[in-house]
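Enquirer: Quick one, structure for this:
(2 chains)
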Amino acid sequence: MYTQAMDIPNTDGPTAVPAINEQAREAEFNERAGRGEIVEAKDWMPEAYRKTLVRQISQHAHSEIVGMLPEGNWVTRAPSLKRKTILLAKIQDEGGHGLYLYAAAETLGTSRDQMLDALHTGKAKYSSIFNYPTLTWADIGVIGWLVDGAAIMNQVPLCRCSYGPYARAMVRICKEESFHQRQGFDLLLALSKGSEAQRAMMQDAVNRWWWPVLMMFGPHDKDSQNSELSMKWGIKRISNDELRQQFVDATMPQGELLGVTFPDPDLRYNEARGHYDFGAIDWSEFWNVVNGHGPCNKERLQARVDAWEEGAWVREAALAHARKQAARVAAAAA
Amino acid sequence: MNAPIAALNPAHVSYVLRIADGSLILAQRLSECCGHGPALEPDIALTNIALDLLGQARLLLSHAGALEGQGRDEDALAYWRDASQFHNPTLCELPNGDFAQICLRTFFYVAWQAQLWTALSASKDAALAAIAEKSSKETRYHCEHLAGWVVRLGDGTADSHARMQRALNYLLPYTNELCVDDDIDLAAAAAGIGPLPSSLNDAWTAQVQAVLAEATLSLPASTPFRSSGRRGQHSEAMDYVLAEMQSVARAHPGAQW
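Expert: Just a heads-up that it's a prediction; the model follows:
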């Protein structure tokens, strides 16, 4: 998930045990959060709550901007001008999501430069799904349909998350994401009505993306680090396994409409449970990709580092010009 | 714009196509930058400009296709013409280069578009006048945004100044082509379809030179060099632009997307 931060080991180091008087405030805070009250930037909050949010929101922001890369890979080759327009606008939306999210994280006392430095030095993660390659045009549809679809499952509950600035950013993001999901589905619908080659392209993309998408929801609840605390604080509302099940259940009829199959022989409706059963996820692949050994980890991170380093002279020039302008205004006023 | 349209003369289609091709090819070049900007804000802004140019291209290509009356829609014109059948100024197809070159190239072209849209508002082709009217609002913002970057980089650090000066020395000769008339322009102007490019020259030059002066840049010596993209004779870069843009569409002839 874009917010897989809460599922992977914390690299920020241990948070200090709070002093006695802090413990009372913390108990009061937990009670407030438990009642579903919204926490604002100026409110007191436990250090661990603040750190958890910074990790989660910044990694969500990083996911948005790294996520621009696999889709950007196809923008110059989009096979119709309408699809090119839709894709370009979608990628632009993702940049916008990155902006809202960095701004939301900044309310917690960290700067965008600090967050970007953590991304560029490999300290901060981003969603592992973007470490998979986009190999054909159909991948753009599947990213919209399945990747954005999975993201929405997780992000809609975040609109009710206890931290106000994050929750408000998520309201806007979710509206745009659900639009992107429909656009992805529409792209695939066109392929499904197209030639044999177009349908084969779609099926191949579904085959490659299906398991990584299921992994986006994070490890099983019993193996998920940090989840319990995040639930208590109202940062997370629904567990990984519940969200994954909701996603599979919602996706099956859509897949039927497209005429695609899923690469899982155990996938079938279970009358007794009222849900789809699905096969075992290969978690070794998930952890390999999280730990930097996925198909595109190095390329994605390098592309971000290159853009940042190659843009350094531009940012310096903008600051230098602003200083010159300020000096001219001051001189004129003197 | 949905009423049946008839081309006033054969030059009419070519005149509209040239304007469409400039927007399309520059949009294609700008979209290469998407996700790789020096910071999020300029990245989003350049993508936004690419989107506007693409929007202009789609309207103009559709209009040209309707004028032509041979059933070619925007995609047929974008994906199934070869380089020599594109008539964008060479300026639009040149490789992006660094951020200074991207900003200056785009500024030169959108400043020219600003003059063109104003003149086209008086076109006898009502659909073309309407497209110009819509586009002029976007172009005003593009000019302002890009002029801001040209000034910021020209009058920024020594490094950014040197980069912008280098971009100016490289790009300015390619602007010679923008304001030169040929038979298509003469025929279109005589029919009241649009202005002669030469008639836009003074206003374009004044607008551009004011920004270059504020950016503390020096105008390079004039050169007899003249590119010829508007005549369909392109730079070496053009075929690569099209090979990439058209690759998926051409691999699936007749497919709907």
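
Enquirer: which residues touch A:I86?
Expert: Taking C-beta atoms under 8 Å, 6 or more residues apart in numbering or on different chains as the definition of contact, the neighbours of A:I86 are A:Q183, A:L187. Backbone N, C-alpha and C define where each C-beta goes, glycine included.

Enquirer: hmm, 6 Å instead?
Expert: A:Q183 (C-beta atoms under 6 Å, 6 or more residues apart in numbering or on different chains).

Enquirer: Next, the buried residues of the helix or strand hosting it.
Expert: Using DSSP states H and E, A:I86 maps to helix A:81-106. When burial is assessed from 16 or more other C-beta atoms under 10 Å in any protein chain shown, helix A:81-106 yields the following buried residues: A:81, A:83-102, A:104-106.

Enquirer: got it, and stretch B:226-242?
Expert: Residues of stretch B:226-242 classed as buried under the neighbour-count rule (16+ other C-beta under 10 Å) are B:S227, B:G229, B:R230, B:G232, B:H234, B:S235, B:A237, B:M238, B:V241, B:L242.

Enquirer: same deal with stretch B:70-88?
Expert: B:R72, B:E74, B:D75, B:L77, B:A78, B:Y79, B:R81, B:A83, B:F86, B:H87, B:N88.

Enquirer: So which residues on chain B come close to chain A?
Expert: If contacts are counted using C-beta under 6 Å from any C-beta of the partner chain, the residues of chain B sitting beside chain A are B:31-32, B:34-36, B:38, B:40, B:43-44, B:47, B:51, B:54, B:58, B:74-75, B:78, B:99, B:152-153, B:155-157, B:159-160, B:244, B:247-249, B:255, B:257.

Enquirer: In terms of pLDDT, where does residue 11 sit?
Expert: In the absence of a named chain, chain A is used. On pLDDT, A:T11 comes in at 55.

Enquirer: Please refer instead to chain B.
Expert: Per-residue confidence (pLDDT) for B:A11: 92.

Enquirer: Can you classify the closest residue to B:D155 other than its chain neighbours by secondary structure?
Expert: Counting by C-beta to C-beta, 6 or more residues apart in numbering or on different chains, the nearest residue to B:D155 once its immediate chain neighbours are dropped is B:T216, at 4.9 Å. Applying DSSP: H, G, I helix; E, B strand; the rest coil to B:T216 yields a three-state assignment of coil.

Enquirer: right, and B:T216 touches B:T157 too?
Expert: No - shown here, B:T216 and B:T157 do not form a contact pair, counting by C-beta atoms under 6 Å, at 11.9 Å.

Enquirer: all helices of the stretch 1-150 of chain A, in order?
Expert: Using DSSP state H, counting those that start in this stretch, the helices of the stretch 1-150 of chain A run over residues A:20-34, A:47-72, A:81-106, A:112-120, A:138-142, A:148-158.

Enquirer: Could you do the stretch 151-300 of chain A as well?
Expert: Listed in chain order (using DSSP H, counting those that start in this stretch), the helices of the stretch 151-300 of chain A are A:164-192, A:196-215, A:227-232, A:240-258, A:283-288, A:297-310.

Enquirer: Now for the closest residue to chain A within chain B: which residues touch it?
Expert: Among all residues of chain B, B:P38 sits closest to chain A, at 2.4 Å; criterion: C-beta to the nearest C-beta. The contact partners of B:P38, taken as C-beta under 6 Å, 6+ apart, are A:G311, A:V314, A:R315, B:F99.

Enquirer: Would you list the phi and psi of the nearest residue to it once chain neighbours are set aside?
Expert: Counting by C-beta to C-beta, 6+ apart, the nearest residue to B:P38 once its immediate chain neighbours are dropped is A:G311, at 2.4 Å. Backbone geometry at A:G311, expressed as degrees, to the nearest 10, gives phi -90, psi 0.
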